[in-house]
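>>> have a look; sequence and predicted model below, questions after that.
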2 protein chains.
Amino acid sequence: MALSGGTTDRGSHSMDKSITLPPDEIFRNLENAKMFAIDIGGSLTKLAYYSTVQHKVAKVRSFDHSAKETDGDLLYEISVQEEITARLHFIKFENAYIETCLDFIKDHLVNTETKVIKATGGGAYKFKDLVEKKLKLKVDKEDEMTCLIKGCNFVLKNIPHEAFVYAKHADSEFRFQNTHPDIFPYLLINIGSGVSIVKVEAEDKFERIGGSSIGGGTFWGLGALLTKTKRFDELLQLASKGQHTNVDMLVKDIYGGAYGSLGLTGNLIASSFGKSATTDKEFSKEDMAKSLLHMISNDIGQLACLYAKLHNLTRVYFGGFFIRGHPVTMHTITYSINFFTKGEVQALFLRHEGYLGAIGAFLKGAEEDSKLLRPNKVLLLSH
Amino acid sequence: MALSGGTTDRGSHSMDKSITLPPDEIFRNLENAKMFAIDIGGSLTKLAYYSTVQHKVAKVRSFDHSAKETDGDLLYEISVQEEITARLHFIKFENAYIETCLDFIKDHLVNTETKVIKATGGGAYKFKDLVEKKLKLKVDKEDEMTCLIKGCNFVLKNIPHEAFVYAKHADSEFRFQNTHPDIFPYLLINIGSGVSIVKVEAEDKFERIGGSSIGGGTFWGLGALLTKTKRFDELLQLASKGQHTNVDMLVKDIYGGAYGSLGLTGNLIASSFGKSATTDKEFSKEDMAKSLLHMISNDIGQLACLYAKLHNLTRVYFGGFFIRGHPVTMHTITYSINFFTKGEVQALFLRHEGYLGAIGAFLKGAEEDSKLLRPNKVLLLSH
């Protein structure tokens, strides 16, 4: 999850801040079941699992003091009630540690009632046999795009402050959005290993209209090759300390200043890594990581704009685990979009950015369970 | 120039195939002048210079044999005429060798009549003092976009077989286009150190509608960092021998096959360099160079499509020295454009791809000289 305090990192996997599920009926029926879903992507396996929390809540009611018989004592009625809150928890694992993920599921989430595991992402196909063998459950595959959009629609409509705008120089860096029933249409740019660009027009009307191979996997892969740093979060840290201007060719490096008649300021990047071929000096890891981050973020920002313009969309949400609340990334993407669309298109980030697919797969399972418990309704089992 | 046999490489600079100038009046007046122009970009300095070639041409005319007086001897009239052809020659220099370029100009092109040197590109500003000092000429700066488009319009209208389509699996790999008076509108994607995207609607009506920092300088710079190979042409050679599938994450690496419902075949690149972070093995220079070439070419191809679609353009020409007739690059860009636009937009390459600006600056000079020699016309000197 994007913001500080939300992630607990244990090397091979990290836990992110859980969400309170809305008090919808489908979540109440799950009380005693262990419900979970996985989304196995190109690089990361995301797990969403349900649990209930019981709390004792003290409710205080004060009495009307107007009756003159009282002698000044305060009168309250205190009652203690048990409330059950349903929560959805999140952990992500690097695919190299997928067995650790499956061990966790086996040890903590599977019980004798569990028969299937909801799985989405390419890995639901690629790792089907491994998962079924290890967990002794049937893998119930759900379409990646369907789960992605289902999850995205859900968080936008139900989770307060899920979406936010990033404004680097404003009083408040993060401007959280309230939930809104009227979320359509919008563009979702999901930046996982690669990028998927999805136009969403209604709850069940969406289309993957484009994509790009320059995504999170590229930052991770090229970053690892250039800096010998293999951890994604360490690459982001390096980038935050770098000076990209040592590595990139700027407009002023070509013109000696701005290219005024075109409105290109001197500090704009003309060519990413443009200085790297014609000099013998070594570049620092920080500088190269920063250039790489700018290069990828700017490219994604531009593609986002062009697709938004082509399809007359004014809201763009960013999902996937590329962004991770990194200020440089969010600023670059936001600036890019404001620049290219002259402020007509708004860039919004999501706190549970990379868990949208897992949330969607979980919801699919919850809906089906809910139908199963009402024998008079038609059973709809997904394949 | 793109195709084999046209380039003579001497390390710091290379000569490319000259063109015959059309017999327009403005070129005839230049007969005794040394006319040349330079385009100094972010990485390369391009020089176009004019010269005349005198050839003796034998013309043979045969007589009518029908008169019965002849006794069987063949009768021909042979006359020898002198023809003067005006040609435009091209050399490019890496900016590190700009002084070599200026020496060439000083030794071969400047004469006592030369007062100014036509220069375009950012370097016309950045290197103005160096050029003026070395050549003892005034630098006459011309706008980069203006020269680019002027040069492009000129070659499309006047130079036969300048533009061509690349068809990898066809009988004829290169399909050359004839000159056409009706060339507008079109989209020019100029891939130099960075990328400029220009919509051209008429001779003097064009607009730079976009650009990208992921261009030739990125291929050169990132390629140099990854492979320790510093020569651009060597990087292209490495790429032609590489297997990008070792380095890139394909759809089948995520799904175990195709993502059928979305029409994404298993061999599509899902994430460029997506395999590089999660493995300890070393990648070959060839494989990394190939991945890089695909990454950049695909990105440019996609941007080209999106801009073409946004502006209802069906012809896209590629300029700049990124392509250099490399089959992988041309195929990737062509395939990309066919794929994204379902064949509606055509990708065309140019034999003098990187010299468009120099040609345009030269033409500016030729037009002005032509006006200078006609005292009754208004003098228009550019600044």
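Arrived safely, thanks for sending. Residues are numbered from 1 along each chain as shown, chains lettered A, B, ... in the order given.

>>> kindly report the domain assignment for chain A.
Following automatic domain parsing, one gets these domains for chain A: A:3-58+A:77-157+A:356-382, A:163-247+A:283-350.

>>> does A:Phe318 sit in a helix or strand, and which one?
Take DSSP states H and E as the rule and A:Phe318 turns out to sit in strand A:315-319.

>>> whoops, A:Ser79 was the one
Going by DSSP H and E, A:Ser79 is in strand A:76-94.

>>> next SSE downstream of that strand?
Per DSSP H and E, strand A:76-94 leads on to helix A:98-104 as the next helix or strand towards the C-terminus.

>>> the helix or strand just after that next one - contacts with which helices or strands?
Counting by DSSP H and E, the next helix or strand C-terminal to helix A:98-104 is strand A:116-120. Contacts defined by 3 or more C-beta pairs under 8 Å, 6 or more residues apart in numbering or on different chains; DSSP states H and E place strand A:116-120 against strand A:36-40, helix A:128-135, strand A:138-141, helix A:144-158, helix A:356-372. Quick note: C-beta positions are derived from backbone N, CA and C, even for glycine.

>>> hmm, 6 Å instead?
For strand A:116-120, the packing partners by 3 or more C-beta pairs under 6 Å, 6 or more residues apart in numbering or on different chains; DSSP states H and E come out as strand A:36-40, strand A:138-141, helix A:356-372.

>>> any idea how far the second one is from the chain center?
So that's strand A:138-141. Averaging C-alpha positions (C-alpha atoms, centre = their mean, to the nearest Å) puts strand A:138-141 23 Å from its chain's average.

>>> counting residues, name the longest helix you see in chain A.
helix A:285-310 (DSSP state H).

>>> and the average pLDDT for that one is what?
Helix A:285-310 shows a mean pLDDT of 97.

>>> just stretch A:58-67 next, same as before
What stretch A:58-67 shows for mean pLDDT is 74.

>>> residues touching whatever residue of the stretch 51-200 of chain A ends up closest to chain B, list them.
Residue nearest to chain B within the stretch 51-200 of chain A (C-beta to the nearest C-beta): A:Gly122, separated by 3.3 Å. Contacts for A:Gly122 (C-beta atoms under 6 Å, 6 or more residues apart in numbering or on different chains) come out as B:254-255.

>>> tell me how far it lies from A:Gly42.
7 Å (C-beta to C-beta, to the nearest Å).

>>> what of A:Ile159?
As defined by C-beta to C-beta, A:Ile159 lies at a distance of 26 Å from A:Gly42.

>>> ok, now A:Ala277?
Distance, A:Ala277 to A:Gly42, using C-beta to C-beta: 30 Å.

>>> just to revisit the earlier point, looking at A:Ile159 and A:Gly42, which is more packed in?
The neighbour comparison of A:Ile159 against A:Gly42 (other C-beta atoms under 10 Å in any protein chain shown) goes to A:Gly42, with 26 against 19.

>>> contacting residues around A:Val155?
Neighbouring residues of A:Val155 by C-beta under 6 Å, 6+ apart: A:162, A:352.

>>> one step back: among the helices and strands packed on strand A:116-120, which is nearest A:Thr179?
Judged by C-beta to C-beta, the one of the helices and strands packed on strand A:116-120 that comes nearest to A:Thr179 is helix A:356-372, at 14.6 Å.

>>> list the helices and strands the closest one packs on?
Packing contacts for helix A:356-372, counted by 3+ C-beta pairs under 6 Å, 6+ apart, involve helix A:25-28, strand A:36-40, strand A:44-62, strand A:116-120, helix A:144-158.
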